[in-house]
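Peer 1: coords please:
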Amino acid sequence: MSRTAARRLLLGLALAAAGYLLAANLFLNTPLGEWAVNRRPERVRLAWDSAWSLWPGHVAMRGLEVGGRQRRVQWWVGVESGRARLDLPRLLRRELRLAGVRAEGVRSRTVWRRDDGKPSPPRRPGRRRPWRVTLDGIEIAGLRELRAGPLRIEGNGSAAGSLRFVAGRQVEARLERLALRGGPLRA
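Peer 2: Here you go, the predicted structure:
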């Protein structure tokens, strides 16, 4: 390879890296990012104070809040800071796959609502495939609060596990480890 070709290759790689850094960080830190991920905020809403990516597929955030509402359950998770590896190509197939999820300062609330007795509306045929979400290798340090209905656990704990769900259809959570220290349990 000639020197000119090597320089062009290096310049191309440097421009691609700079383009990624600019595009990803603009997406994460302008209203465009929240608009893109909150297309149906009445069901699921994501918000964050700041986020950045220094390498393709690696994302870090501060002040992350995720909440959702379905017919019988309302939930919310707050994370002071976190990072994960995002499988970018799977986004094209309506899959959000995060691996190596690390979270600090986590609070979670789940409230079950009474059934109003009305049947669920039928699914419309021909709709796009629902989003699939997979979070593997979750490690939580600084687990501050867990609320589930009338139960409330506070303190400083840690947890590990995984989470998979298909929007509006299926949820699977696997808790591999849970340690709670120094907090009250209230009912």
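Peer 1: okay, CA-based contacts and neighbour counts for the rest of this
Peer 2: Will do.
Peer 1: Three-state assignment for the residue positioned nearest the centre of the chain, please.
Peer 2: The centroid of the chain falls nearest to V66 when counting by C-alpha atoms, centre = their mean (7.2 Å). Of the three states, V66 takes strand under DSSP: H, G, I helix; E, B strand; the rest coil.
Peer 1: how far away is it from L13?
Peer 2: Taking C-alpha to C-alpha, to the nearest Å as the measure, V66 falls 35 Å from L13.
Peer 1: all strands of this protein, in order?
Peer 2: 44-47, 50-55, 58-69, 73-86, 95-112, 132-148, 151-166, 170-181, 185-186 (DSSP state E).
Peer 1: Out of these, which is closest to L28?
Peer 2: Taking C-alpha to C-alpha, strand 50-55 is the member of these nearest to L28, at 5.7 Å.
Peer 1: Could I get the buried residue list for that closest one?
Peer 2: Across strand 50-55, burial judged by 16 or more other C-alpha atoms under 10 Å covers A51, W52, S53.
Peer 1: What mean pLDDT does the lengthiest helix in the chain get?
Peer 2: If you go by DSSP state H, the chain has its longest helix at helix 3-29. Mean pLDDT, helix 3-29: 88.
Peer 1: elements contacting that helix?
Peer 2: Using 3 or more C-alpha pairs under 8 Å, 6 or more residues apart in numbering; DSSP states H and E, the elements in contact with helix 3-29 are strand 50-55.
Peer 1: so what strands line up beside the strand it packs on?
Peer 2: Strand 50-55 has the following sheet partners, assigned by DSSP bridges: strand 58-69 (antiparallel).
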